[in-house]
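Trainee: Sharing a model prediction with you, sequence too.
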Amino acid sequence: MVAERRQETLRSALEVSRAMAVAVEAELAATTAALDSLGQSGDLRAGNLEGFRAFAQRIGERQGWRNVIVTDGQGRVLINVAQPSS
């Protein structure tokens, strides 16, 4: 009886672990797709930071992100959607 309960507990734990792994994988896939979308933005490539800012804000809201920050190669913040644009 104890062995059966132990086996059932292990099976249950394994099922929960698998379900959590699937959920994490789905969240990572959605985040990766959103980041790919941001990275392919024509506004960003053209240097239209205000256009990109609006796009990034929409993507961030859809993803439930608190903020989207874009920096240049020197680490200077170019866009911070949590702050009003200047």
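Mentor: Thanks, I have it. All values derive from a computational prediction rather than experimental measurement.
Trainee: quick one: average pLDDT of the host helix or strand of residue 6?
Mentor: For residue 6, the element it lies in under DSSP states H and E is helix 2-39. Averaging pLDDT along helix 2-39 gives 94.
Trainee: Could you list the residues in contact with the helix or strand that that helix is followed by?
Mentor: As assigned by DSSP H and E, the chain's next helix or strand after helix 2-39 is helix 42-46. Applying CB atoms under 8 Å, 6 or more residues apart in numbering, the external contacts of helix 42-46 come out as 38, 49, 51-52, 55, 70. Where you see a C-beta, it was placed from the backbone N, CA and C, and this is true even at glycine.
Trainee: Contacts made by the following helix or strand past helix 42-46 with the rest, please.
Mentor: Per DSSP H and E, the first helix or strand lying C-terminal to helix 42-46 is helix 49-63. Contact with helix 49-63 is made by 30-31, 34, 37-38, 41, 43-44, 65-68, 70, 78-79, 81, 85, as judged by CB under 8 Å, 6+ apart.
Trainee: what about 7 Å?
Mentor: Identification of contacts with helix 49-63 by CB atoms under 7 Å, 6 or more residues apart in numbering yields 30-31, 34, 37-38, 41, 43-44, 67-68, 78-79, 81, 85.
Trainee: List buried residues within those residues.
Mentor: Burial by neighbour count, 16 or more other CB atoms under 10 Å: within these this picks out 34, 38, 44, 68, 79, 81.
Trainee: Farthest pair within the residues you listed?
Mentor: 34 and 79 (15.3 Å; CB to CB).
Trainee: Name the nearest residue to the spatially most central residue of the chain, sequence neighbours excluded.
Mentor: Geometric centre of the chain, nearest residue: residue 31, 3.2 Å, by CA atoms, centre = their mean. Once flanking residues are discounted, residue 31 sits nearest to residue 63: 6.7 Å by CB to CB, 6 or more residues apart in numbering.
Trainee: just to revisit the earlier point, for the residue nearest to the centre of the chain, give its distance to residue 4.
Mentor: 41 Å (CB to CB, to the nearest Å).
Trainee: Stretch 44-64: how far from the chain's middle?
Mentor: Mean C-alpha position of stretch 44-64 versus that of the full chain (CA atoms, centre = their mean, to the nearest Å) differs by 14 Å.
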